[in-house]
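**Q** Dropping a prediction and its sequence here:
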Amino acid sequence: MARLWTLGGITLPNPQGFGRKYVEKSVWHESINGRTTRDISARKEQFTLTFQRISQALVAEILALYEQKTALLFEAEDGDLIIGETEVHVDVPGREYNTKGSEFREDFTMILTEVE
């Protein structure tokens, strides 16, 4: 069973949490006779990856990609889950330090939103 998670040329560890949803821009129209229609102008997929206790070296690599402020290629293959190469924008909503001492480890969440 192949496990491969890549973002912008770096290999990510297997996430402890993974979610995906659709983000869409749409407008609802309601006519006088009560009929409702919806115009969907865009639909994108959004991926949320959650990591626990990852090293500062890996966090630094991911943040270096994030600081480029450009779209990156994301790809995942984990068992039956296959996400082909997709261009995404990266968002890092927060970082938490759960392990103190000689080696800080982080809980880290990334949100990846499709460009098109």
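**A** Done, it's in.
**Q** could you pull out the strands for this protein?
**A** 3-7, 10-12, 17-30, 36-54, 72-78, 81-99, 105-114 (DSSP state E).
**Q** Show me the one of those that comes nearest residue 61.
**A** strand 10-12 (5.4 Å; Cβ to Cβ). (Glycine included, C-beta is placed from N, CA and C.)
**Q** Give me the contact list for that closest one.
**A** 4, 5, 6, 49, 51, 58, 61, 62, 65 (Cβ atoms under 8 Å, 6 or more residues apart in numbering).
**Q** List the beta-bridge partners for the second one.
**A** By that I understand residue 5. residue 12, residue 76 (DSSP bridges).
**Q** same deal with the fourth one?
**A** When bridges are assigned using DSSP bridges, the partners listed for residue 49 are residue 18, residue 110.
**Q** Burial check on it, number of neighbours?
**A** 23 (other Cβ atoms under 10 Å).
**Q** Any figure for the gap between it and residue 17?
**A** Distance of residue 49 to residue 17, given as Cβ to Cβ, to the nearest Å: 7 Å.
**Q** Identify the residues contacting whatever residue is furthest in space from the centre of the chain.
**A** Here the chain reaches farthest from its C-alpha mean at residue 33, the gap being 41.9 Å by Cα atoms, centre = their mean. Contacts for residue 33 were tallied using Cβ under 8 Å, 6+ apart; there are none.
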